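Q: Have a look at this prediction, sequence included:
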Amino acid sequence: MALRMAEINNQTLIMKLQHHIAASIIISGLLHAVFKSWTITTASFVSGIFIDLDHIIDYVITHGRRFDAKHFFRYFNNSECKKAIFILHGWEWLFILAAAAKLTGWNPLLTGVLIGFAQHLMLDQIFNKTSLLAYFFFWRWKHEFNHKVCMNEKQK
Ligand SMILES: [Zn+2]
(Lines give C-alpha, C1' and ligand atoms only; values in the text may rest on other atoms or scores of the structure.)
Protein backbone atom coordinates (compact mmCIF):
# COMPACT_ATOMS: atom_id res chain seq x y z
CA MET A 1 0.00 0.00 0.00
CA ALA A 2 0.40 3.39 0.52
CA LEU A 3 0.25 6.82 -0.65
CA ARG A 4 2.71 8.40 1.72
CA MET A 5 6.24 8.22 3.03
CA ALA A 6 6.55 9.94 6.32
CA GLU A 7 8.06 9.32 9.67
CA ILE A 8 5.59 8.08 12.17
CA ASN A 9 5.97 7.45 15.86
CA ASN A 10 8.15 4.38 15.62
CA GLN A 11 10.40 5.79 12.91
CA THR A 12 8.84 3.59 10.23
CA LEU A 13 8.76 5.10 6.78
CA ILE A 14 5.69 4.88 4.62
CA MET A 15 5.73 5.49 0.89
CA LYS A 16 3.82 8.59 -0.07
CA LEU A 17 2.51 9.51 -3.50
CA GLN A 18 5.04 12.31 -3.98
CA HIS A 19 7.88 9.92 -3.20
CA HIS A 20 6.62 7.51 -5.85
CA ILE A 21 6.56 10.44 -8.28
CA ALA A 22 10.14 11.42 -7.37
CA ALA A 23 11.37 7.83 -7.65
CA SER A 24 9.63 7.42 -11.00
CA ILE A 25 11.21 10.62 -12.33
CA ILE A 26 14.68 9.44 -11.30
CA ILE A 27 14.28 5.87 -12.61
CA SER A 28 12.67 7.01 -15.86
CA GLY A 29 15.39 9.63 -16.34
CA LEU A 30 18.06 6.97 -15.92
CA LEU A 31 16.23 4.69 -18.37
CA HIS A 32 16.06 7.48 -20.92
CA ALA A 33 19.77 8.15 -20.53
CA VAL A 34 20.56 4.48 -21.10
CA PHE A 35 17.99 3.39 -23.71
CA LYS A 36 17.09 6.70 -25.41
CA SER A 37 13.54 5.39 -25.69
CA TRP A 38 10.57 7.63 -24.89
CA THR A 39 8.34 4.55 -24.83
CA ILE A 40 10.34 2.88 -22.04
CA THR A 41 10.75 6.19 -20.22
CA THR A 42 7.06 7.12 -20.32
CA ALA A 43 5.79 3.62 -19.59
CA SER A 44 8.11 3.31 -16.60
CA PHE A 45 7.13 6.74 -15.26
CA VAL A 46 3.38 6.14 -15.63
CA SER A 47 3.36 2.60 -14.22
CA GLY A 48 5.65 3.62 -11.35
CA ILE A 49 3.02 6.04 -10.12
CA PHE A 50 -0.35 4.86 -11.30
CA ILE A 51 -0.25 1.44 -9.68
CA ASP A 52 -1.62 3.29 -6.69
CA LEU A 53 -4.82 3.99 -8.63
CA ASP A 54 -5.96 0.60 -7.36
CA HIS A 55 -6.54 2.31 -4.01
CA ILE A 56 -9.45 4.12 -5.67
CA ILE A 57 -11.08 0.76 -6.44
CA ASP A 58 -10.78 -0.26 -2.78
CA TYR A 59 -12.17 3.10 -1.71
CA VAL A 60 -15.14 2.85 -4.06
CA ILE A 61 -15.87 -0.73 -2.92
CA THR A 62 -16.06 0.52 0.66
CA HIS A 63 -17.66 3.92 0.18
CA GLY A 64 -19.58 3.67 -3.05
CA ARG A 65 -19.14 5.94 -6.03
CA ARG A 66 -19.17 9.12 -3.97
CA PHE A 67 -15.51 10.13 -4.09
CA ASP A 68 -14.14 12.66 -1.63
CA ALA A 69 -10.41 13.31 -2.25
CA LYS A 70 -9.76 14.65 1.27
CA HIS A 71 -11.43 11.66 2.86
CA PHE A 72 -9.69 9.34 0.41
CA PHE A 73 -6.20 10.36 1.58
CA ARG A 74 -7.24 10.44 5.23
CA TYR A 75 -8.77 6.98 4.85
CA PHE A 76 -5.51 5.40 3.67
CA ASN A 77 -3.03 7.55 5.56
CA ASN A 78 -4.69 6.96 8.91
CA SER A 79 -5.18 3.25 8.25
CA GLU A 80 -8.93 3.58 8.52
CA CYS A 81 -9.37 1.03 5.77
CA LYS A 82 -10.43 -2.48 6.66
CA LYS A 83 -9.65 -4.24 3.36
CA ALA A 84 -6.34 -4.42 1.52
CA ILE A 85 -7.35 -5.62 -1.92
CA PHE A 86 -5.03 -3.27 -3.87
CA ILE A 87 -5.39 -5.42 -6.94
CA LEU A 88 -2.35 -4.05 -8.78
CA HIS A 89 -0.02 -4.50 -5.82
CA GLY A 90 1.17 -8.06 -6.34
CA TRP A 91 4.53 -9.62 -7.00
CA GLU A 92 2.59 -12.23 -8.98
CA TRP A 93 1.76 -9.62 -11.63
CA LEU A 94 5.43 -8.71 -11.87
CA PHE A 95 6.32 -12.29 -12.80
CA ILE A 96 3.61 -12.30 -15.48
CA LEU A 97 4.78 -8.92 -16.79
CA ALA A 98 8.38 -10.13 -16.90
CA ALA A 99 7.36 -13.24 -18.81
CA ALA A 100 5.30 -11.15 -21.26
CA ALA A 101 8.18 -8.71 -21.78
CA LYS A 102 10.63 -11.55 -22.40
CA LEU A 103 8.24 -13.38 -24.75
CA THR A 104 7.81 -10.21 -26.83
CA GLY A 105 11.56 -9.71 -27.19
CA TRP A 106 11.56 -6.99 -24.51
CA ASN A 107 8.91 -4.86 -26.15
CA PRO A 108 9.71 -1.28 -25.00
CA LEU A 109 6.20 -0.62 -23.67
CA LEU A 110 6.05 -3.83 -21.64
CA THR A 111 9.64 -3.40 -20.48
CA GLY A 112 8.93 0.14 -19.31
CA VAL A 113 5.79 -0.95 -17.48
CA LEU A 114 7.75 -3.82 -15.92
CA ILE A 115 10.48 -1.53 -14.62
CA GLY A 116 8.06 1.06 -13.25
CA PHE A 117 5.94 -1.64 -11.64
CA ALA A 118 9.01 -3.31 -10.11
CA GLN A 119 10.45 -0.14 -8.60
CA HIS A 120 7.05 0.83 -7.16
CA LEU A 121 6.54 -2.56 -5.50
CA MET A 122 10.11 -2.63 -4.20
CA LEU A 123 9.73 0.79 -2.59
CA ASP A 124 6.37 -0.16 -1.05
CA GLN A 125 7.84 -3.43 0.22
CA ILE A 126 10.91 -1.73 1.72
CA PHE A 127 9.36 1.37 3.25
CA ASN A 128 5.83 0.40 4.24
CA LYS A 129 5.33 -1.27 7.57
CA THR A 130 3.86 -4.57 6.45
CA SER A 131 4.41 -8.27 6.63
CA LEU A 132 6.95 -9.71 4.20
CA LEU A 133 4.18 -11.33 2.18
CA ALA A 134 1.90 -8.29 2.09
CA TYR A 135 2.60 -7.56 -1.56
CA PHE A 136 1.57 -10.97 -2.78
CA PHE A 137 -2.04 -10.60 -3.98
CA PHE A 138 -2.96 -14.22 -3.37
CA TRP A 139 -1.53 -14.13 0.15
CA ARG A 140 -3.75 -11.13 0.91
CA TRP A 141 -6.66 -12.99 -0.65
CA LYS A 142 -5.94 -15.99 1.61
CA HIS A 143 -6.29 -13.59 4.53
CA GLU A 144 -9.55 -12.22 3.10
CA PHE A 145 -7.78 -8.92 2.35
CA ASN A 146 -7.96 -8.09 6.04
CA HIS A 147 -6.01 -4.84 6.23
CA LYS A 148 -4.93 -5.32 9.80
CA VAL A 149 -3.51 -8.77 9.09
CA CYS A 150 -2.07 -8.01 5.68
CA MET A 151 -0.56 -4.60 6.14
CA ASN A 152 0.14 -3.95 9.79
CA GLU A 153 1.58 -7.02 11.42
CA LYS A 154 5.13 -8.24 10.98
CA GLN A 155 5.14 -11.95 10.15
CA LYS A 156 8.80 -12.78 9.71
ZN1 LIG B 1 1.85 1.46 -3.90
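A: Received, thanks. Residues are numbered from 1 along each chain as shown.

Q: make it CA atoms for all contacts and neighbour counts henceforth
A: OK.

Q: Quick one: name whatever helix or strand follows the lowest-mean-pLDDT helix or strand in the chain.
A: Within the chain, no helix or strand scores below helix 69-77, which has a mean of 80 by mean pLDDT, DSSP states H and E. Using DSSP states H and E, the helix or strand that follows helix 69-77 towards the C-terminus is helix 91-103.

Q: other SSEs contacting that next one?
A: helix 108-127 (3 or more C-alpha pairs under 8 Å, 6 or more residues apart in numbering; DSSP states H and E).

Q: Repeat the analysis, applying 10 Å as the threshold.
A: helix 108-127, helix 137-142 (3 or more C-alpha pairs under 10 Å, 6 or more residues apart in numbering; DSSP states H and E).

Q: Please identify the deepest-packed of these.
A: Neighbour counts (mean count of other C-alpha atoms under 10 Å) averaged over each of the helices and strands packed on helix 91-103 peak at helix 108-127, with a mean of 22.

Q: That helix to helix 91-103, inter-axis angle?
A: 150 degrees (axes from the mean of the first three to the mean of the last three C-alpha atoms, to 10 degrees).

Q: close to the ion, is stretch 113-123?
A: No - on the criterion C-alpha under 5 Å from the ion, stretch 113-123 is out of touch with the ion, staying 6.2 Å away.

Q: of all the helices and strands packed on helix 91-103, which lies closest to Arg66?
A: Closest approach to Arg66 among the helices and strands packed on helix 91-103 is made by helix 137-142 (25.6 Å; C-alpha to C-alpha).

Q: what's downstream of that closest one, the next helix or strand?
A: Immediately after helix 137-142, counting by DSSP H and E, sits helix 147.

Q: Now the least confident helix or strand of the chain: buried residues?
A: Of all the residues in helix 69-77, those buried under the rule 16 or more other C-alpha atoms under 10 Å are 72-73, 76-77.

Q: What of stretch 38-53?
A: 39-52.

Q: And that stretch, how far out from the chain middle?
A: From the chain centre to the centre of stretch 38-53 is a distance of 11 Å (C-alpha atoms, centre = their mean, to the nearest Å).

Q: Can you give me the end-to-end span of stretch 25-45?
A: Stretch 25-45 has an end-to-end distance of 6 Å (C-alpha to C-alpha, to the nearest Å).

Q: residues in contact with it?
A: 19-24, 46, 48-49, 107-120 (C-alpha atoms under 10 Å, 6 or more residues apart in numbering).
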